[in-house]
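**Q** no sequence for this one, just the structure:
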């Protein structure tokens, strides 16, 4: 393994961590503020990707496509919150899991019905295509660097939003005591819709960004959703900082495990057996990481309460 | 006799009567559908102990379903290829005998449940849901990337495994086996629910602190329930694989976990015959809506949403009124 390849893989890990963070941030906010476990978050990711692919196909502009992704998924999130989700806040987690599972079925089949089963493709814009040469002579795709930058920018502004703005104060107050802030005159039901739409918009943005690297298709959201669950469980549910740390950990473990484990087993095993054992274990590695974290800290790295 | 008992008897008779009618009318496909319903109900019966009685919302029961399925697939594939399973330190041959396969499936699913449960039960609430989901995914990805037993493509078995004295290739005889196992499991679960173990488990769901104060170790209680639950779902997995003569990583997928959960919920959480009603309704919906529209999952989603939001007792709850516990 050359150092250049290693650096590339580390960057890939950070990039996948950043997209995971965009997903996990919404999930963890919604859980922290409303106490809701939302399986349909992956559907919002898919809606973002489909909206981006449709708008990019019609206008040819990637910037418009990204805005469409944000708008469509945030709007879908707001509608779903008004119609279904708000009936679930007082229910137990089992009901929430089932109702949002039902929403996945509706969204996935509905999208299949509208767009068909064939994957759509979203092209990387010309301005962001091609490699950049980093210090040390490393060539790295410009688009992936842009994803890292967008993720970092979102993380920073989300941090500012939560700690510095009035909305952030309300969100934090809502996490602690919803009756109290309702009594203080905050329109709690509007706050919930805003938080849900914010999370949905971030998920849609992630879907559109990843959709340009991979294909846009029905069912693309669920594998990412499960990774995002792993992220917020590791980071501690409700914590944005935990989501960021967890996302980077998971992105790195997943990427580097796949690259490093097969040659590692190759040191003391015969080639093809090493490759297959290495890749099977690599695909399980993040779950091992999660189990490890939970054994040491049952409520995650930054989680205060279970 | 309570109303729920009557509903239960009616459900058991209905599941028996449909394939018998199909047998006389020479409709083997209906018999296969009924067999599927019985097997999926069995998987739900397993989950119902953890979910309904124990209040443990496991989103990873596909792991046990799949382990049961793969136990069957691995044993039978070795038997049909005449390759011993292992040769050192002693030779283990594959087998095509159902009772042996069932035993292995139940044992391995039970061990998997014990391991997963031991770690997962350290957490509770949402963490428990997510960690069980993640363990299920772990098995899924392992099955996909492990090439020895078909990897992503799964494993096919040419001939259904045998049961002494029966011709399992005959749909009605295989149905009889699945039905008998389902009834046996229901009987055992009914007894378990009234035994001190079941009562304590139920009480622990309602108030953990009280049960702890009463001197019962809740962790061990729940772990036992989780393992038993895994054993039953594992047996269902072995039967399901035998029904299709095929195992694939799909059995491990999170959608499978979700569907097993859906049987339990549609039927009524914590009701003895809830999974039976739920699985039967699921099969009927799949068959009827699947004929009307390719996109029948939309309607399934809508129905499920309605049940969760407005009809919380499920089918058995609607037919038999409120639960008495």
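**A** That came through, no problem. Keep in mind that this is a model prediction, so the values were computed, not measured. Numbers count the residues shown, from 1 in each chain, chains lettered A, B, ... in the order given.

**Q** What about residue 36? Give its phi and psi, please.
**A** You didn't say which chain, so I picked chain A. phi -110, psi 130 (degrees, to the nearest 10).

**Q** isn't it right up against residue A:86?
**A** No. Here residue A:36 lies out of contact with residue A:86, judged by Cβ atoms under 8 Å, at a distance of 9.3 Å. Just so you know, the C-beta spots here come from the backbone N, C-alpha and C atoms, and that holds for glycine as well.

**Q** for chain A, what spans make up the strands?
**A** Using DSSP state E, the strands of chain A run over A:131-134, A:138-141.

**Q** Within the sheet, what are the partner strands of the first one, with directions?
**A** Under the criterion DSSP bridges, strand A:131-134 sits next to strand A:138-141 (antiparallel) in its sheet.

**Q** show me what contacts residue A:251?
**A** A:13-20 (Cβ atoms under 8 Å, 6 or more residues apart in numbering or on different chains).

**Q** same thing with residue B:64?
**A** Taking Cβ under 8 Å, 6+ apart, we find residue B:64 in contact with B:46, B:109, B:112-113, B:229-231, B:233-234, B:237.

**Q** Tell me the spacing between it and residue B:99.
**A** 19 Å (Cβ to Cβ, to the nearest Å).

**Q** likewise residue A:231?
**A** From residue A:231 across to residue B:99, the span is 44 Å (Cβ to Cβ).

**Q** higher neighbour count, these two?
**A** Set residue A:231 next to residue B:99 and count neighbours by other Cβ atoms under 10 Å in any protein chain shown: residue A:231 wins out with 30 against 12.

**Q** residues in contact with that one?
**A** Residue A:231 is in contact with A:20-21, A:23-24, A:243, A:246-247, A:249-250, counting by Cβ under 8 Å, 6+ apart.

**Q** Kindly report the same for residue A:86.
**A** When contacts are counted by Cβ under 8 Å, 6+ apart, residue A:86 touches A:189, A:192-193.

**Q** Ok, residue B:38 next?
**A** Applying Cβ under 8 Å, 6+ apart to residue B:38 gives the contacts B:15, B:175, B:178-179, B:182, B:279.

**Q** Smallest distance to chain A belongs to which residue of the stretch 201-325 of chain B?
**A** Proximity to chain A, evaluated over the stretch 201-325 of chain B using Cβ to the nearest Cβ, is greatest for residue B:301 at 3.2 Å.

**Q** Not counting its neighbours along the chain, what's nearest that residue?
**A** residue A:105 (3.2 Å; Cβ to Cβ, 6 or more residues apart in numbering or on different chains).

**Q** ok but residue B:58 is inside a helix, no?
**A** No. Secondary structure of residue B:58, determined by DSSP: H, G, I helix; E, B strand; the rest coil: coil, with no helix assignment.

**Q** Now it, what are its backbone angles?
**A** Dihedral angles for residue B:58 - degrees, to the nearest 10 - are phi -90, psi 120.

**Q** didn't it look like it was pressed against residue B:50?
**A** Yes. Judged on Cβ under 8 Å, residue B:58 makes contact with residue B:50 at a distance of 5.3 Å.

**Q** between those two, which one's more packed in?
**A** Neighbour totals were compared for residue B:58 and residue B:50, and residue B:58 leads with 31 against 27 (other Cβ under 10 Å).
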